[in-house]
Each structure stands twice: as structure tokens, then as C-alpha cells.
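Asks: Need a 3D model of the sequence below.
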Amino acid sequence: MPVKTHIRRPRVVSALAAVSLALVLGGCSMDTTAPADARADARAGGSQGSTSGGGSGKGVGARPAVDCEKAKCIALTFDAGPGKDTPRLLDILKKEKVHATFFLLGKNHVLKHPDVVRRLAAEGHEVANHTWTHRRLDELSKDEIRDELGRTQDAIADITGTKPTLMRPPQGRVNDDVTAVSKELGLSQILWSATAKDYSTTDSALIEKRILDQAGRDGIILLHDIYDGTVPAVPGIIAELKKRGYTFVTVPELLAPAEPEPGTVYRP
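Replies: Okay, the predicted model is just below:
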């Protein structure tokens, strides 16, 4: 069945990203909302939304607001951490003055690296939910979905003092039950527009090339900070995209002045 997407302007998606998203939503009808449409709807409705820097970290409000209708914005996101390379990644992001969105796994990552989770929040990154054990949510009952998401919500809140408002479903697989439970737990669902498939290669140059080939305005980049080739690729990705005039933002900043709506699936 076709995927229904709110799109008001032409968008070019690379073959790699298009195939990935077709696999994500194949076989179901699921409404998705593009960042530009979320912003436009918020402005049309008179919403002020989030005007500070976004993110769940302390001190984030000190960041100047970014208007992604004027700036050429792109969001850098990392899944399935934190891991052994995440502190090095945070050093890179701090040096480059880039804030990212981190979709964290609970059982073997949040619980194992609480100090890194605390640092993510403290340095102004958006801390988000990637489930407890990375099970495909579309294959689970509502109670099982609730357990996968809820346990990670609680584990993150125990460390940072704040429950996430964003989640990314493993493999991007969503259905009506996933949407219903996400809405119940106050979680928006965030997909992507650019992926390096870095789980399949340790070639940092290839990872960098794949992302740069797919990068576009209002894009959401998907990487994993748990694979050996990924973190070494990040400095080159940031440097080239800055040369191209991009401003790096968190996912909430990309949507502002809209507030992420629980249950909604956002996809560039």
C-alpha cells in the first residue's frame, strides 16, 4: 500500500535513502510529516513553539535560536549508543560547535554508560529513545512495545532527570500499535533522509561519501556511534557540509517553531 506523506515542495532523495525508507514503511499506509510542513503548520496556527536551542541538556537555552526557514538546516543523529567511541564523538562535536540528536538503547548502553548519557544532556545534545533491546516494534504486542520504550524512558530519566520526547523505531519499522503507544508515552517518531549503512562497512571514507551524496536541506542524517568506521567519518562530514552552507541543528530545532507531536512520524 502507498505511503501518504505531507509534502508541499519538491524533494530529491538519493536512491540509497529511498530504498531504505521504502523498506521501512513498505506494506503499510502511514502518514508522515516533513519538517518544513511542521514549521508551516505551526506558523499558520500561531504557535510560538520552541525558540531556544532545543535539546534536553542543561544550558541549551543559551544557544541562539535557528530559523530553519531561513537557514539551510540539517540534523545529525546517532543511533544505538552510547558506546566506547561516543566520548570521542562528543569531543569532535564540542570542537565543531555542533549539537546532535542521540537515540539511545537502554539495556546494554544507557545502563552501561550513565556518565556518557549525563554528558550528552549536559553538553546540549538531544537525548532520545531507541528502545530497550532493539526489537522490531512492529512485530510486538502493545504491552511489549510499551515495555521496550517505557524502560528506556525511565532509565534515561533516572540519569538526566528528563524523559525523552523523541524515539526512533529499530529499522524504522512502524505501524498503528507503535504509533498509539508512542503517543501514549509522549514520543514523536523520527525517521531519516540520509543513511550510510555504517553497520555494513568500516570504510570511513565510504561512510562520509554516502552521507554527503544524500545530504539535503531539512535532512536528517542517520549514523551509529557504535561502529568502528563511523566516528572517524564525522569530522569530514561536518567540514564539508559547513562548506556547503549547512547549519547543524537538533531534531527539535529542525521542527521549530513546531513542538514535536507525540505519535507523529516525522520524515524529511
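Asks: Which residue ranges of the chain form helices?
Replies: 15-25, 35-44, 86-96, 114-122, 142-160, 176-184, 204-214, 234-243, 251-255 (DSSP state H).
Asks: any idea of the mean pLDDT for the shortest one?
Replies: It stands for helix 251-255. Confidence for helix 251-255, expressed as mean pLDDT, is 98.
Asks: List the contacts of that helix.
Replies: 35, 38-39, 49-50, 53-55, 66, 68, 73, 75, 77, 99, 101, 126, 128, 165-166, 190, 218, 220, 259-260, 266 (CB atoms under 8 Å, 6 or more residues apart in numbering). From N, CA and C alone the C-beta is placed, and that goes for glycine too.
Asks: Likewise for the third one?
Replies: Outside of helix 86-96, the residues that reach it under the criterion CB under 8 Å, 6+ apart are 78, 99-100, 113, 116, 119-120, 123, 125, 225, 231, 234-235, 238, 242.
Asks: By neighbour count, which of those wins?
Replies: L120 (31 neighbours; other CB atoms under 10 Å).
Asks: Quick one: residues contacting that residue.
Replies: 57, 82, 86, 90, 102, 127.
Asks: how about a cut-off of 6 Å?
Replies: By CB atoms under 6 Å, 6 or more residues apart in numbering, L120 lies in contact with 102, 127.
Asks: What is the burial count for the residue nearest to Q171 when sequence neighbours are not counted?
Replies: Of all residues not flanking Q171 in the chain, R136 sits nearest, at 6.1 Å (CB to CB, 6 or more residues apart in numbering). Using other CB under 10 Å as the criterion, R136 is surrounded by 14 other residues.
Asks: Relative to I156, how far out is R136?
Replies: 21 Å (CB to CB, to the nearest Å).
Asks: Which strands or helices does the strand ranked longest in the chain pack on?
Replies: For the chain, the strand with the greatest residue count under DSSP state E is strand 73-81. If you count contacts as 3 or more CB pairs under 6 Å, 6 or more residues apart in numbering; DSSP states H and E, strand 73-81 packs onto strand 101-104, strand 219-224, strand 247-249, helix 251-255.
Asks: Check the offset of that strand from the chain's centre.
Replies: 5 Å (CA atoms, centre = their mean, to the nearest Å).
Asks: My guess is the residue nearest to Q171 contacts R173. True?
Replies: Yes - assessed by CB atoms under 6 Å, R136 is found in contact with R173 at 5.2 Å.
Asks: who touches the residue nearest to the spatial centre of the chain in this structure?
Replies: Taking CA atoms, centre = their mean, the centroid of the chain lies closest to T77, which sits 4.6 Å from it. T77 makes contact with 101, 220, 222, according to CB under 6 Å, 6+ apart.
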